[in-house]
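*Asks:* I would like to see how this sequence folds:
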Amino acid sequence: MTWANYLKDKIYPIIVCILSFIVAFFVFMVLKIQNEVMVIFAVLYFIPFIFLLIYDGGRQIKFFNELQKGLDTLDKKYFVTDVVDYPEFFTGVLMMDVLHTINNSMIDEVNVYKSAQTEYKEYIELWIHEVKTPLSVCTMIAQKNKDETMLEELRKIQHFLEQALFYARSQYAGQDYIVRDVDLKEIVENVVKNNRREFILKKIGIEINLDDAIVKGDSKWLEFIVQQIIGNSLKYTQEKSGLIRVYCQRQKHSLTLCIEDNGFGISAEDLPRVFDKGYTGSLGRMNKQATGIGLYLCKMLCEKLGLGISLESEKGTIVKIVFPLENRE
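*Replies:* Residues are numbered from 1 along each chain as shown. So this is what the prediction gives:
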C-alpha cells in the first residue's frame, strides 16, 4: 500500500473537507470577517485534518505493507496471521479477526480431509497385505506346476501391488525413512535377482559396475525406485539383443547412479513429460500395460528423499539419480 492508494481511498472525506472550508470562507466574506481571523481559522481547520490523515495513513500503510511482506515471504500463506501483529486501528483489527477465523476454519477442514486420507491409506495398505496371502499361494501352485506363463502374470500383479503400496505411503515418506549407509550394488543386485525370470526369458544382458558405491539413504525406498527404472528398461528393451548397464559417476560432492539401456528410447516430444503423473507417451500407448505411475513415483520419492533424478534418451535411455555426498576433508 502506498500514500497514493491511501489518499485515493480517502478522496471523498478530503473533498468534503475542502468544500466545507470553501463554504465557510464565503460565509466569512459575507459577514466581513477580518482577514487575520480567516487565516487563523484556515490554519486551525486544516492542520488537525492533515495531521489525522498522516497519522491514520501511516498506521494503515505500515500494517498492509507488513501483511503483504508476510504473504510474499511465506510458503504457506495461511500462517500470515502468526507473523503479523494486530494493528492499532479498528478496521485492521476486524480484518485480522476475520483472517484468524478463516484460517481456523480452513485448518479444521484440512484436518477432516487428512483424517479421511489417513483412513483410506490404512485401508489400502491392509487390503494389499491381505491380497498378498492368496497371491503367494497362487505363486507356489504355479511354481509346483512349472507354469511359467502364470508365474510371469503373478509377478506383474505383485509389481502393481508394490507400486500401489508405495504410492499410498509416498505422502508419508519422511515418517518411514531411515537414513543409513547403503550399498547401491547390493540394491541393484536385489532388483536383478527379483527380475531374473524376465531377464532369462527375454535374454536381456545386465552389466553392473558399482564398486564402492556407498551412499546415504533408505534401502527399501531406493530398491523400489531402482525396481521401477529397471522394470521400464526390461519392458522397452528388445529381446535377445537387449543390454542394461548400471554404473556410477563420481563428482566432488555427489555420486550419480546411472541406469542405461539400449532399448527403443523416448521421443523428444515425450521427454519433458516422462515424470508427469499418468503420462505414458507414445511407447506407453503401444504397451497397454503402461500406467504412467512408475517414473512419477520415482520423481516424487527422490524429491522427498533429497535426491536428484533426470532422464536422457537418444539411442536407448539413461536414468540418473544424484546422491549428495558428505563433505570430506
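*Asks:* can you give me the domain boundaries for this protein?
*Replies:* Residue ranges for the domains of the chain, per automatic domain parsing: 3-88, 179-324.
*Asks:* V131 and N145, how far apart?
*Replies:* Between V131 and N145 the distance, using Cβ to Cβ, to the nearest Å, works out to 21 Å. Quick note: C-beta positions are derived from backbone N, CA and C, even for glycine.
*Asks:* who has more neighbours out of these two?
*Replies:* Taking V131 and N145 together and counting by other Cβ atoms under 10 Å, V131 has the greater number of neighbours (14 against 10).
*Asks:* state whether that one and E162 are indeed in contact, as I suppose.
*Replies:* No: with contacts counted by Cβ atoms under 8 Å, V131 stays clear of E162, the gap being 11.3 Å.
*Asks:* mutual contacts of those two, please.
*Replies:* When contacts are counted by Cβ atoms under 8 Å, 6 or more residues apart in numbering, V131 and E162 have no shared neighbour.
*Asks:* give me the number of residues near R197?
*Replies:* 12.
*Asks:* would you double-check that it falls in a helix?
*Replies:* Yes: per DSSP: H, G, I helix; E, B strand; the rest coil, R197 lies within a helix segment.
*Asks:* OK, contacts around it?
*Replies:* By Cβ under 8 Å, 6+ apart, the contact set of R197 is E148, L151, E152, R155.
*Asks:* closest to R59 out of those?
*Replies:* Distance from R59 was checked for each of these by Cβ to Cβ. The minimum falls on R155, at 69.6 Å.
*Asks:* leaving out the residues flanking it, which one is nearest to that closest one?
*Replies:* Distances taken as Cβ to Cβ, 6 or more residues apart in numbering put R197 closest to R155, at 6.8 Å, once the chain neighbours are dropped.
*Asks:* for that neighbour, give me the pLDDT.
*Replies:* Model confidence at R197, given as pLDDT, is 82.
*Asks:* separation between it and Y296?
*Replies:* Using Cβ to Cβ, we find R197 at a distance of 26 Å from Y296.
*Asks:* what does Q34 give?
*Replies:* Using Cβ to Cβ, we find Q34 at a distance of 85 Å from Y296.
*Asks:* between the two, who's got more neighbours?
*Replies:* When neighbours are counted by other Cβ under 10 Å, Q34 and Y296 differ, and Y296 comes out ahead with 19 against 9.
*Asks:* check which helices and strands the one helix or strand the more buried one maps to sits against.
*Replies:* Under the assignment given by DSSP states H and E, the secondary-structure element containing Y296 is helix 294-304. Contacts defined by 3 or more Cβ pairs under 8 Å, 6 or more residues apart in numbering; DSSP states H and E place helix 294-304 against helix 148-169, helix 219-235, strand 308-314.
*Asks:* mind listing what's buried in it?
*Replies:* The neighbour-count criterion (16 or more other Cβ atoms under 10 Å) identifies G294, L295, Y296, L297, C298, K299, M300, L301, C302 as the buried residues of helix 294-304.
*Asks:* then stretch 53-67?
*Replies:* Taking 16+ other Cβ under 10 Å as the neighbour-count basis, stretch 53-67 is seen to contain the buried residues L53, G57, Q60, F63, F64, L67.
*Asks:* surely the first one and K10 touch.
*Replies:* Just to be clear, that refers to L53. Yes: in this structure, L53 sits in contact with K10. The criterion is Cβ under 8 Å, and the distance is 6.7 Å.
*Asks:* how much space separates I128 from F25?
*Replies:* For I128, the distance to F25 under the criterion Cβ to Cβ works out to 86 Å.
*Asks:* okay, helices next: where are they in the stretch 1-150 of the chain?
*Replies:* Taking DSSP state H, counting those that start in this stretch to define them, one finds helices in the stretch 1-150 of the chain at 3-9, 11-30, 35-73, 80-83, 90-144, 148-169.
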